Structures are given as structure tokens and as C-alpha cells.
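1. What shape does this take:
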Amino acid sequence: MSHWQEIARFGRKLVESGLTSSRFGNISARMDDIIEITCTGSMLDELDRDQIIEVDLHGPCPRDAVASSETCVHRAIYLQAGAQAIIHTHSPYAVALSLVLESSVEPIDGEGVRFLGAMPIVEGGFGSGELARNASLALAGHNACIARGHGTFAVGKTLAEAYTVACMAEHSSQVLYLAQMWRRSSH
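-> As a prediction, the model looks like this:
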């Protein structure tokens, strides 16, 4: 299966699993000095070859105009963190926690503690240089980070690994949110 077909497969999985809605988020895979990335405005659960394009890893190129608005963030993550695949979701529990917690989401569930670890909350506007810098620095030492009020960036050596990280990030965020709500309501 080619990279674009894998990207399309994981786009469907992201929407089906509720990690993001159809028009929010983006997916990319790195091949040497090329990034295959979803186009801006594409529906993740209906991707075809025309909605996944190649851009240059090392700098802006003409195809950036139709690539995801987060292309600069993906570039920075690939260059700083050494990932081979990135999935960006607008997962509701992770986004909610990023709005009420200060610096990171610390999982309390067993799998999150063992396999995911802390998820730094990073600042920066959509597709901005600030977000690119902050997310890439955070992901140099973590598997996921959350852009405040925006969504999760999950990395891996493969798209399957990045998808697993994105799933764990939202699951751990949901468990933490529910535990905090229970604590508040029981006091």
C-alpha cells in the first residue's frame, strides 16, 4: 500500500473513531526529503490521491499553497523530532484540557502513564511559526503535544504508530477529564 493510501486509511479511522471531525486535522508521512500531506480543507474520511500532495521537507515550495495550513508545523516536527509520520487531530477531550490546564496533560490511566507520558500544551496560532517551533521542541522528547485550544499532534515511526499515539492521547485526556469531574462533583 502506498503512503497516500495509508494516509487515506488512517483519515477514515480518525473520523470513525471520533478523534476528529471530517474537515478538521491533517496527516502526513515522510519519505526522505519529501512530505506527503493532506490538502487544506480536505475531508479526512474521503481522501483520494488528489487530496494528498508532496511538499519539500526543507522549505516552502509552490505546492504549500494547497497543502494543509499546518504544513510548516509538520516540517518543523520532522526536522526537530525525527518522526516519520504525524497525525494532527482536533480531539475534544484533549482540546478541553488544553484550555484549563497550564503546561501539560499528565495521564493517570495505566496505559497512558506507561506508554504515552506527559503531553505538553504548546502555544501558537494555526499554522504559525510559533506553533511550529513550540510543537517541534515539545515532540523532540514526547510522543504527543496539544496545541492550546486547537488539537493534538501525535508522532510515530509509522502512520499506525502515530494513530496509536493519537488514540492514547485522547483516551488519557478523557479519563483525566472524567476523573477530575467526578472529584469535583463528589466534594
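2. Run a quick neighbour tally on Leu139.
-> 26 (other CB atoms under 10 Å). (Glycine included, C-beta is placed from N, CA and C.)
3. That one contacts Gly82, correct?
-> No - with contacts counted by CB atoms under 8 Å, Leu139 stays clear of Gly82, the gap being 9.1 Å.
4. all helices for the chain, in order.
-> Taking DSSP state H, the helices of the chain run over residues 3-16, 71-81, 92-100, 110-111, 129-139, 159-185.
5. Deepest-packed of those helices, please.
-> The highest mean neighbour count among those, using mean count of other CB atoms under 10 Å, belongs to helix 71-81: a mean of 23.
6. same question for that helix, mean pLDDT?
-> In this model, helix 71-81 has a mean pLDDT of 97.
7. any idea how far Cys72 is from Glu130?
-> Noted for Glu130: a distance of 10 Å to Cys72, by CB to CB, to the nearest Å.
8. Next: Phe153.
-> In terms of CB to CB, Phe153 sits 13 Å off from Cys72.
9. got the contact list for Ala76?
-> Contact partners of Ala76, counting by CB atoms under 8 Å, 6 or more residues apart in numbering, are 132-133, 135-136.
10. All set, thanks.
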